[in-house]
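A.B. asks: One predicted model, sequence on top.
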Amino acid sequence: MEIFGIAMEQVYMYSLFGLAAIMILFLFFGDAVDGVGEGLAFLNPTVILSFLTFTSAAGFILEWLTSWNSLVILLIAAAVSAVLSVLLYFFVLLPLKSAEVSMAYTDESLAGQVAKVITPIPSDGFGEIVIETVNGLISKRATGLDNEEISYGSEVLVIEVKDGTFLVKEYEPFRILNS
C-alpha cells in the first residue's frame, strides 16, 4: 500500500525520524508543556509521543518482515503500541513522578537536629557546627543559646535560627534510669 506515492515502510521510517526530532525538542523544552497532561493520563505528551513512536517502529518492522495487508499491520502496530505505552506509563512514568524529591532545605528546617561542634563556641561568640543529613554534611555558624561556652566535639541540639546563626544548646540524650 502507498500513501501519496510513498510506500508504507517509508512512511513509518519518516515518522520515526520526525518523532525522534520531536522527542529531542521535548527533552529540552518539555517543562513548557508540563501541565498539559495533569488531569488525564492519556493527554500526557510523553505517553502520546511514546505511543506514536512505538506505532511507527512496530509498523516499520511488520511492513519489512511480513507481507500482510498494511491496514492489518497498522492495527497490530497500534495495539502493540497501546500495550507498551500503558506499561511505560504505569511502570516508569508514575513511579518517577511520585519519586520526585527535592534536596533543598531551609535553615529553619534544620531546627531540632543534632549537630557536632567542629569549631569551639566561646561564650558571647561564634563557632561552627556540622549537621549530618541525607544530602551530606552541612556546616553552619553557631552560638550558644544562653551564651555558654561549648567545646570542640560536643553534640549540640539546634534550638533556633536567627539571621543565619544557629542557636544551639549542649545535647543531653534521654536516658531511662535503672531502678
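C.D. replies: Arrived safely.

A.B. asks: Would you mind listing where this protein has pLDDT under the threshold?
C.D. replies: Using pLDDT under 70 as the threshold, the predicted model of the chain has low-confidence ranges 1, 4, 33-42, 99-103, 179.

A.B. asks: where exactly do the helices run in it?
C.D. replies: Using DSSP state H, the helices of the chain run over 8-29, 45-65, 70-88, 94-98.

A.B. asks: can you state the direction angle for the second one and helix 70-88?
C.D. replies: Comparing the axes of helix 45-65 and helix 70-88 via axes from the mean of the first three to the mean of the last three C-alpha atoms, to 10 degrees yields an angle of 140 degrees.

A.B. asks: And for helix 45-65, what's in contact with it?
C.D. replies: For helix 45-65, contacts defined as C-beta atoms under 8 Å, 6 or more residues apart in numbering pick out 8-9, 12-13, 15-16, 19-20, 22-23, 26, 30, 33, 36-37, 41-42, 68, 70, 73-74, 76-78, 80-82, 84-85, 88-89, 93. C-beta coordinates here come from the backbone N, C-alpha and C atoms, glycine included.

A.B. asks: quick one on the thing from earlier: which one of the helices of the chain lies nearest to residue 162?
C.D. replies: Ranking the helices of the chain by proximity to residue 162 (C-beta to C-beta) places helix 94-98 first, at 36.3 Å.
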